[in-house]
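>>> model this:
(chains A, B, C and D)
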2 protein chains.
Amino acid sequence: MGVTIKDIATISGVSFSTVSKALNNSPLVKPETKSKILKIAQEMGYEPNFAARRLVSKETKTIGLVWPSIERAALSTLVTKINAEVEKNDYSMILSINSTKSAVDMFKRFQVDGIIIFKENDDSSYLDTSYFSNIPAISYGDGNQTGIPFIDVNYKKAMYLAVEYLYQLGHRDITYIGDFSLGDSRQTEKYEGFKEAMKHFHLQLKAQTLLNTGGLDWQSGYRTTNRLLESSNIPSAIIGGSYDLSGGIIRAIKEQNLIIPKDISVIGYDNIPQMGDLETPLTSIGVPVDVLAKNITDSLFQQIQQPDSVPLIQRLEPELKERISCAAKVKKD
Amino acid sequence: MGVTIKDIATISGVSFSTVSKALNNSPLVKPETKSKILKIAQEMGYEPNFAARRLVSKETKTIGLVWPSIERAALSTLVTKINAEVEKNDYSMILSINSTKSAVDMFKRFQVDGIIIFKENDDSSYLDTSYFSNIPAISYGDGNQTGIPFIDVNYKKAMYLAVEYLYQLGHRDITYIGDFSLGDSRQTEKYEGFKEAMKHFHLQLKAQTLLNTGGLDWQSGYRTTNRLLESSNIPSAIIGGSYDLSGGIIRAIKEQNLIIPKDISVIGYDNIPQMGDLETPLTSIGVPVDVLAKNITDSLFQQIQQPDSVPLIQRLEPELKERISCAAKVKKD
DNA sequence: CGAAAAAATAACAACGTTGTTATATATCAT
DNA sequence: ATGATATATAACAACGTTGTTATTTTTTCG
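Next comes the predicted model:
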């Protein structure tokens, strides 16, 4: 089919190995012959065969990302950031939206230099380290379930920060709206963290203090908040468990003609810029996506570049980003 | 690094060529040894090296999809469907979220057997056929801008169907809310199609008949609709230009305490199941995603399997899916 | 001028597969 | 039992590169 270095060799009357060196701009070949060969290669429309090249030199300069749940918006920002970070390191990124197992299989076939895994909540397939046959890998969240290094977030700390912030503003009646139905350890940790923080500040847990949405999407947040607002006990502040949930929460509040933050303060989990694009720019807690992206890629590249070093397993600290959805509680008595 | 057929050979005590045949289920190797080898390969976690395979037999059984705009929800459904379709054909799919050019470069490196391109509105880089160096490719939408075969949608027909449907329900005052600011030919074609349909039914174009959102997202739809509803001339029906826009449109209408479809009928463009999951399940027009996915992959596989055939370039016909967001216009006189 | 050193090129072995050809082993008919 | 025929396995040559080693050619300088 295509033009090979052997074709170029016969045309230019040198050996194919000289052609190879000329094309790779090796100092081992005389400048004149080099430029002659380059010219001929150009004219013949030579394109290197990557399969052949990859077979001998072990690097693909590519990392694979497993992302089974493309539909969730919050993660797509992170993926974009990671991609940018990867490019910055002169690597390319390919994505698979299949299950972890079949995605990893494919990445092995393509011999990627590293693998990033976004673990799906409902994907219970356990892959231990050996499955990756020495390909450096890192997973985001839920790392304990795959045997590989992971980057995680200190969710408890996040909830502590949120409660503390609201407490200092004078709030005593705070509701957490999140998904703590089961399985996903990230969600249950937020839930636990909130309870601990409330206890720490000696705040009472009432019937309406912890509301389980049963999902992480907009609708779940919307419905749950409506249920809350229809009741008699409306809290002075709400913490939303995810970006999408928080969108629904805001919506429901506005529909009751309540004003954020005058009537009710809201904090959302997930530290992504889009939080500022919501109808009401939302004060939020979480690890900024840039930090997440940087840590994930750094840890992976460290494994790639120093295969024998102990992989960086991090528990990232969340930050609180003030916007305009929280205000001091006004005493009503 | 990874397990090779030679490793399997030494373990199972046969030659590596026998292993190769066993793995390819050749009839030349005794069933017993075949299954023995297969079992060992399984245990060792063998995955074939694509680069090596590709070097000798020209296939990788992989197709690449270029998808620069991961953030748009409507497309993610299509991607998922295409992935399923690809798997059904015993191929794998990898994704790149980079610009068309660098994505194609990478896919060339990996020697994928075919490429699917989702063209980004603002990506003006023109790649002619030769850039793909004979790799079969197909683009979805905006195909004329890359020199390669494309699958497109008859957007004019879609708008005709929508207007016709509303006309038959008695609506005479219909507003189109969409993004026809510039560039994206898909959007301008919807816009033109709407105007033609209105003309065909002898309906008047008033000041509020065509509203340009300047974007395709939820917020754009929401803002534009609010502006419309604050004016004195409220139409009896609205057509939304995309899934996300339509979400914003519904929201704005509800906030004005108008009821869909009693007070106002709404049709949305994009024929995806999620249309039914909106607050008000929306009657919609568009090519069903399954049909789109099937056509895209079919055309690509046809090119792969019969390289000399003329590629299927299709202009798909939209369909109208009735849900509950439209009602007959009630005469008020 | 001629040997040693340097520079340029050629030869060859990998890389991990597949496909073809050659060899060993089992099966069969006579 | 013996050669002929299947059947099973092994050996080996590709595929198009890169990197290492061997050979040739050129330069240097005593």
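>>> what about stretch A:250-269, average pLDDT?
The pLDDT scores in stretch A:250-269 average 93.
>>> could you pull out the buried residues of that stretch?
A:Ile250, A:Arg251, A:Ala252, A:Ile253, A:Ile260, A:Pro261, A:Ile264, A:Ser265, A:Val266, A:Ile267, A:Gly268, A:Tyr269 (16 or more other Cβ atoms under 10 Å in any protein chain shown). (C-beta placed from N, C-alpha, C; glycine too.)
>>> before we move on, what about stretch A:292-307?
Quick answer for stretch A:292-307 (16+ other Cβ under 10 Å): A:292-304.
>>> out of the residues you listed, list just those in helices.
A:292-304 (DSSP state H).
>>> name the residues that touch stretch A:283-290?
A:77-78, A:81, A:153, A:158-159, A:161-162, A:165, A:246, A:265-273, A:275, A:316-326 (Cβ atoms under 8 Å, 6 or more residues apart in numbering or on different chains).
>>> 7 Å instead, please
Where contact means Cβ atoms under 7 Å, 6 or more residues apart in numbering or on different chains, the residues beyond stretch A:283-290 that reach it are A:77-78, A:81, A:153, A:158, A:161-162, A:267-272, A:275, A:316, A:318-323, A:325-326.
>>> chain center to it, what's the gap?
Distance of stretch A:283-290 from its chain centroid, counting by Cα atoms, centre = their mean, to the nearest Å, is 12 Å.
>>> dump the C-alpha coordinates for that stretch into PDB.
Output of stretch A:283-290 as PDB, limited to C-alpha atoms (Å, rounded to 0.1, in the frame of the first residue of the first chain):
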ATOM      1  CA  THR A 283     -21.400  29.000  47.100                       C
ATOM      2  CA  SER A 284     -19.900  25.600  46.900                       C
ATOM      3  CA  ILE A 285     -17.400  23.200  48.500                       C
ATOM      4  CA  GLY A 286     -15.300  20.600  46.900                       C
ATOM      5  CA  VAL A 287     -11.900  20.100  45.300                       C
ATOM      6  CA  PRO A 288     -11.500  22.500  42.400                       C
ATOM      7  CA  VAL A 289     -11.500  20.500  39.100                       C
ATOM      8  CA  ASP A 290      -8.200  21.900  38.200                       C
END
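>>> can you classify the nearest residue to A:Ala52 once chain neighbours are set aside by secondary structure?
Nearest in space to A:Ala52, with sequence neighbours left out and distances taken as Cβ to Cβ, 6 or more residues apart in numbering or on different chains, is B:Leu55 at 5.6 Å. Applying DSSP: H, G, I helix; E, B strand; the rest coil to B:Leu55 yields a three-state assignment of helix.
>>> quick one: B:Leu55 and A:Ala51 touch, right?
Yes. Using Cβ atoms under 7 Å, B:Leu55 is in contact with A:Ala51, at 4.8 Å.
>>> neighbour count winner among the two?
Legend: neighbour count by other Cβ atoms under 10 Å in any protein chain shown for B:Leu55 and A:Ala51, higher for A:Ala51 (20 against 16).
>>> I'd like the next helix or strand past the host helix or strand of that one.
Assigned by DSSP states H and E, A:Ala51 belongs to helix A:50-56. As assigned by DSSP H and E, the chain's next helix or strand after helix A:50-56 is strand A:62-66.
>>> which of the buried residues of stretch A:250-269 fall in helices?
Here DSSP H is the test, and the buried residues of stretch A:250-269 give A:Ile250, A:Arg251, A:Ala252, A:Ile253 as lying in helices.
>>> on that earlier part again, nearest to A:Tyr131, of the ones in helices among the buried residues of stretch A:292-307?
A:Gln303 (15.8 Å; Cβ to Cβ).
>>> distance check, that closest one against A:Ile296.
Plainly put, A:Gln303 is 11 Å away from A:Ile296 if you go by Cβ to Cβ, to the nearest Å.
>>> which ones are touching A:Pro311?
By Cβ under 7 Å, 6+ apart, the contact list for A:Pro311 reads A:Pro149, A:Ser299, A:Gln303.
>>> return the member of those residues nearest to DNA strand C.
Within the contacts of A:Pro311, proximity to DNA strand C (Cβ to the nearest atom of the strand) peaks at A:Gln303, which comes in at 20.1 Å.
>>> distance of the residue lying closest to the closest one once chain neighbours are set aside relative to A:Ile239?
Of all residues not flanking A:Gln303 in the chain, A:Pro136 sits nearest, at 3.5 Å (Cβ to Cβ, 6+ apart). Distance of A:Pro136 to A:Ile239, computed by Cβ to Cβ: 36 Å.
>>> mind pulling the model confidence for the closest residue to A:Gln302 other than its chain neighbours?
Of all residues not flanking A:Gln302 in the chain, A:Leu312 sits nearest, at 5.8 Å (Cβ to Cβ, 6+ apart). pLDDT, A:Leu312: 80.
>>> thinking again about what came up before, from the buried residues of stretch A:250-269, which single one is nearest A:Val19?
A:Val19 has its nearest neighbour among the buried residues of stretch A:250-269 in A:Tyr269, at 58.0 Å by Cβ to Cβ.
>>> is the closest one in contact with A:Gly240, as I believe?
Yes. Between A:Tyr269 and A:Gly240 a contact is recorded at 6.4 Å, counting by Cβ under 7 Å.
>>> Three-state assignment for A:Thr280, please.
Per three-state DSSP, A:Thr280 ends up coil.
>>> returning to what we had before: neighbour count: A:Pro136 and A:Ile239, which is higher?
Shown here are A:Pro136 and A:Ile239; by other Cβ under 10 Å, A:Ile239 has more neighbours (29 against 23).
>>> quick one on the thing from earlier: closest to B:Ile11 out of the contacts of A:Pro311?
Nearest member of the contacts of A:Pro311 to B:Ile11, counting by Cβ to Cβ, is A:Gln303, at 28.0 Å.
>>> how close does the closest one get to A:Asp113?
Distance from A:Gln303 to A:Asp113, counting by Cβ to Cβ: 10 Å.
>>> list the residues that contact the residue of the stretch 101-250 of chain A found nearest DNA strand D.
Closest to DNA strand D within the stretch 101-250 of chain A is A:Gln111: 13.3 Å, counting by Cβ to the nearest atom of the strand. If you count contacts by Cβ under 7 Å, 6+ apart, A:Gln111 has them with A:Arg54, A:Thr60, B:Asn49, B:Ala51.
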